[in-house]
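Trainee: make a model of this:
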Amino acid sequence: MRRGIALLLMTALALVGVPARALAAPAQFHILASEDMRALEPVLQAYIDKESKRGNIQISYEGILDIKRALEAETCVYDAVWLSNSIPLNMLNGGQRITNSRFIAVTPVVFAVKESRAEQLGWMGELHMADIVNAVKRGDLSFVMPSVTQTNSGLSAYLGILSALCGNPNVLTVQHLRDEALQADLTALFSGVVRSSGSDEYVAELVKQGYDCIVGSEAGVIRLNRELEASGQETMRLLYPVDGVTMADTPFAHVNKGDASKLEEFIKIQSFLLDAQAQEMLAGLGMRTDLGGLIYPEHYEIFREEWGVRSKSYIGTIVYPSKALISQAQKQYQELFRKPAFTVFCLDFSGSMFGEGKDQLMRAMEYILDPALCGGENIQFTDKDRIAIVVFNTSTVGVMTGAGDESLALFSELRTHFATGSTFLHAALLDSLALCEGYAESVYSVSIVMMTDGEATGDRPSQQRLEAAYRRRDATVPIYSIMFGDASDRQLKPLAEMSKGEVFDGRVDLEKTFRRVRGYN
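Mentor: Model prediction:
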């Protein structure tokens, strides 16, 4: 059991950015998992409990961009990967040798709406993807979706939508992507995205906070419905467009570096995951354990038909296109179909930032504002986007605004500012919020990204005005805070809760944190 506790501790440390080398004892076996696999960790815990004589197993959770980076690198600390979908493995360009991949379980990627909304929309029976597009066009539907560029489930959903709107061809081609009617439908559909999320867990939290339509995995929605039902809240109805959905296949694969002992350990873990005990646990977590998607009668209680779960009928699935086609589709999403963003970067230039703190912030801002640095990862701003930068210390000392394709000019202007004074972050947030007025959420994905290395200097009137705006719902703009230096989340977590935002820790790798944050705005 001690090793089980060690796994949970190491996972928690990974979440706050503690590097593997800082742990008390090196892991004997290091697994790289996608963010949306956290819910399945109890299955690996069961392996550790069963094989307690074995050493520690460490799990690191990453988004698909950082998974791709890690596996394409010349050297790699990981011994295995467990992903929610095989797409990232198929998208690799060189790097590590990935072998012995086996699908562990499957789950469809679906739309889900609150039961009352499903009834209002007449979606209690057969549904086509065009019905969803038309509902968005009429203004009857908006939804929360995991990031297409940052998450497996978001990318899987996007490919399923593409295929369905093309008539579910045997193979998607470049000609399909060039179709103007398809492009118009995709632009219309994604205009309905009210929040983009860097993780499935965050999507679930937004439902609890009032949003009524999401995109996510079937297993994730089943787990969410259990929580909603237990707390007396309205559950979600799962929707499976008859023109096809994507099926996430959770591959577990070996990162083969020629170490026979690591391969032996890998095979033991993989065999356990495919054995009856683990498969039963996976079914209990809402995963389909038959690789064809079949649900066994003893699990009907988990896959409940009253939630719309299709437990007894065939689910049409799509065939994934080529690596080149997926790359092209991602590029088109970022540049053409994605809802434009209005992002306010609220940057702490107080005296404590002088020196290394400011240098670190400037490197991160250059990375996110220079398309040559971030464009290859499909997180760059485009000419449709709008950017504002608010520089603050004792007060707001600079405001820069421009279109997304003017981002380098904004960075050049940012370089003229110096770090001095105190940290009046609430006043700066009020100024940032004021800049968001006029950017309708029906047209833009509006958000504030705040970066600070310390705690706010006392400015109670500004804090009270900011809190009052959110209490009155004059403001719905999420605040995403990035900590570095000596920053504490004590003052930042209430801002996230108030605005339905998030707090990120950028103290280990600020650029990596920026990549994560881009999944949310």
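
Trainee: any low-confidence regions in this protein?
Mentor: Residue ranges of the chain with pLDDT under 70: 1-27, 52-55.

Trainee: domains for it, by residue range?
Mentor: Domains of the chain are assigned by automatic domain parsing as 2-105+249-299, 107-247+304-332, 340-518.

Trainee: let's have these in a markdown table, adding mean neighbour count.
Mentor: C-beta coordinates here come from the backbone N, C-alpha and C atoms, glycine included. Listed next are the domains of the chain as a markdown table, based on neighbours: other C-beta atoms under 10 Å:
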| stretch | mean neighbour count |
| --- | --- |
| domain 2-105+249-299 | 17 |
| domain 107-247+304-332 | 19 |
| domain 340-518 | 19 |
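
Trainee: residues in contact with residue 428?
Mentor: 346, 390, 392, 395-396, 450 (C-beta atoms under 8 Å, 6 or more residues apart in numbering).

Trainee: which one of those residues is nearest residue 467?
Mentor: Of all the contacts of residue 428, the one with the least separation from residue 467 (C-beta to C-beta) is residue 450, at 15.3 Å.

Trainee: leaving out chain neighbours, which residue sits closest to that closest one?
Mentor: Among residues not flanking residue 450 along the chain, residue 346 sits closest, at 4.2 Å (C-beta to C-beta, 6 or more residues apart in numbering).

Trainee: between the contacts of residue 428, which is nearest residue 155?
Mentor: Lowest distance from residue 155 to the contacts of residue 428 (C-beta to C-beta) belongs to residue 450, with 27.8 Å.

Trainee: where do the helices sit along the stretch 251-400 of the chain?
Mentor: Counting by DSSP state H, counting those that start in this stretch, the stretch 251-400 of the chain has these helices, from start to end: 260-274, 276-284, 323-332, 356-369, 371-374.

Trainee: ok, the residue nearest to residue 450 to residue 483 distance?
Mentor: Applying C-beta to C-beta, to the nearest Å, the value for residue 346 to residue 483 is 13 Å.

Trainee: what do you get for residue 455?
Mentor: Distance from residue 455 to residue 483, by C-beta to C-beta: 10 Å.

Trainee: still on that earlier bit, where does the residue nearest to residue 450 sit relative to residue 73, distance-wise?
Mentor: From residue 346 to residue 73 the distance is 33 Å (C-beta to C-beta).

Trainee: residues in contact with residue 407?
Mentor: Counted by C-beta under 8 Å, 6+ apart, residue 407 has contacts 369-371, 381, 387.

Trainee: can you tell me the SS state at it?
Mentor: When classified by DSSP: H, G, I helix; E, B strand; the rest coil, residue 407 comes out as helix.

Trainee: do residue 401 as well
Mentor: Under three-state DSSP, the three-state class of residue 401 is strand.

Trainee: right, and it touches residue 387 too?
Mentor: Yes: in this structure, residue 401 is within contact of residue 387 by C-beta atoms under 8 Å, at 6.9 Å.

Trainee: residues shared between the contacts of these two?
Mentor: residue 410.

Trainee: hmm, back to that, would you turn the contacts of residue 407 into a markdown table with distance to residue 259?
Mentor: Below are the contacts of residue 407 laid out as a markdown table (distance: C-beta to C-beta, whole Å):
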| residue | distance to residue 259 |
| --- | --- |
| 369 | 41 |
| 370 | 39 |
| 371 | 40 |
| 381 | 42 |
| 387 | 46 |
